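In: Sequence first, then the predicted structure, then my questions.
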Amino acid sequence: MQPLQFLVPLDALAALEPVIPFVIFGFVVLNILTRFLQHRRHLTQADSGDDDEAIDRWLPHTATTLGLVLASFVFLVIEPHGGMVMSILALSVFISDFFEYESRLVEARSKSKALERPTAAIGASVVALLYAGYQSFFYLIEPVWNAVI
């Protein structure tokens, strides 16, 4: 008997095992798209407002970030090694999003600086995209990979 047997439906998660890497890949792609849209929104909000009060978080971007983190935790239950790496990358995207939002507020408050792109969050998202792509589409390179390794 496993301790989490009654809290986590492992049989239901096992049925979703082939789909979860593609769900994570989709969340990462959506997160990158919503990040660019959110940045454009922040630029227009900063131009229209006098202070940082005009800048707010965008719900679709927050939802994709939280979905990415939760899907990576589900992947952690199914595939411990790959899920641990993906969870760390998803959490780094979450943390960098948090700090990038706070830095946009500081830039909007100063008015002497233009709002910069969220470079740290973009970098974390690109690394997460590469690993999610590796986990999702490994079957495409598996013959070559097994021949070399």
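Out: Yep, it's here.
In: only C-alpha atoms for contact and neighbour calcs from this point on.
Out: Noted.
In: So, low pLDDT: which residues of this protein?
Out: Along the chain, the model assigns pLDDT under 70 to residues 1-9, 50.
In: 80 instead, please
Out: 1-14, 49-53, 111-114 (pLDDT under 80).
In: Could you report the neighbour count for His81?
Out: 12 (other CA atoms under 10 Å).
In: list the helices and strands the host helix or strand of it packs on?
Out: Taking DSSP states H and E as the definition, one finds His81 inside helix 80-110. Counting contacts by 3 or more CA pairs under 8 Å, 6 or more residues apart in numbering; DSSP states H and E, helix 80-110 packs against helix 59-78, helix 119-136.
In: Including distance to Arg104 and mean neighbour count, could those go into TSV?
Out: Converted to TSV, the helices and strands packed on helix 80-110 look like this (distance: least, CA to CA, whole Å; neighbours: other CA atoms under 10 Å):
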stretch	distance to Arg104	mean neighbour count
helix 59-78	15	20
helix 119-136	12	19
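In: Just tell me which of those helices ends up closest to Phe99.
Out: Evaluated with CA to CA, the helices and strands packed on helix 80-110 place helix 119-136 nearest to Phe99, the distance being 8.7 Å.
In: Kindly calculate the angle that the closest one makes with helix 80-110.
Out: 160 degrees (axes from the mean of the first three to the mean of the last three CA atoms, to 10 degrees).
In: just checking, next helix/strand downstream of helix 119-136?
Out: Taking DSSP H and E, what comes next after helix 119-136 is helix 138-148.
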